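In: Quick one: sequence and predicted model below, then my questions.
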Amino acid sequence: MWTIIKVDKKKISFFKNEIKNKLGKESIIYSPKLLIKKITKNKLQKKEYEILGDYLFCYHENFNKINFLKQLNFIRGVKYFLNGFQICQNEIEKFIDRCKNLEDKSGYISQSLYEEEVNKYYKFSSGPFVDKIFKIVQLQKNKIDILMGNLKTTVNKEEFLFSPI
């Protein structure tokens, strides 16, 4: 069963080691990440972002037992376990599967998680147009026609990350 845990970012490596020691090899920890590439002062900078911030997913068979979770609540680095995860198992699994399908070989999300819609505004998260706002004019299979101010151009969907505003 999957659970969602809010952790202290400063103690995340300690938390991961401790949870592996307590739960063993049958536990799985998953946290989807983005790799953002920005060009500042003619230098390429890479920065890793956790999509869920300080939340992560953890899988273990015994997470449906309340007493088992209460024992894990005192591991250093755990702020709390999110309530209601038992009801939302299907949605959690769908989200994790979708994230894993969008990952590249390095383990970073390589495409947009969001559904693209015509005449909606988006913001680039990677590439030469980082932090620029654009409007989708037309959707094609692998390309989108966008409008940035007075500039109309076509970009490849898979080369750039963008999110809705």
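Out: Sure thing, it's come through.
In: Return the residues in contact with the spatially most central residue of the chain.
Out: In the chain, the centroid-proximal residue (CA atoms, centre = their mean) is Ile51; its distance is 3.1 Å. By CB atoms under 8 Å, 6 or more residues apart in numbering, the contact list for Ile51 reads 31-34, 99, 109, 113. Placement of C-beta: from N, CA and C, glycine included.
In: So which of those belong to helices?
Out: Cys99 (DSSP state H).
In: Sort out which of the contacts of Ile51 are buried, if you could.
Out: 31-32, 34, 99, 109 (16 or more other CB atoms under 10 Å).
In: Tell me the one of those residues nearest Asn73?
Out: Ranked by distance to Asn73 (CB to CB), those are led by Ser31 at 19.1 Å.
In: Skipping its backbone neighbours, what lies nearest that closest one in space?
Out: Leu56 (4.1 Å; CB to CB, 6 or more residues apart in numbering).
In: From Asn156, how far out is the one you found?
Out: When CB to CB, to the nearest Å is applied, the distance between Leu56 and Asn156 equals 31 Å.
In: Beyond the helix or strand of the chain with the lowest mean pLDDT, next helix or strand please.
Out: Between all helices and strands in the chain, the lowest mean by mean pLDDT, DSSP states H and E belongs to strand 33-40, at a mean of 76. Sequence order places strand 43-50 as the next helix or strand after strand 33-40, per DSSP states H and E.
In: which residues are in contact with that next one?
Out: Strand 43-50 is contacted from outside by 31-39, 56, 108, using CB under 8 Å, 6+ apart.
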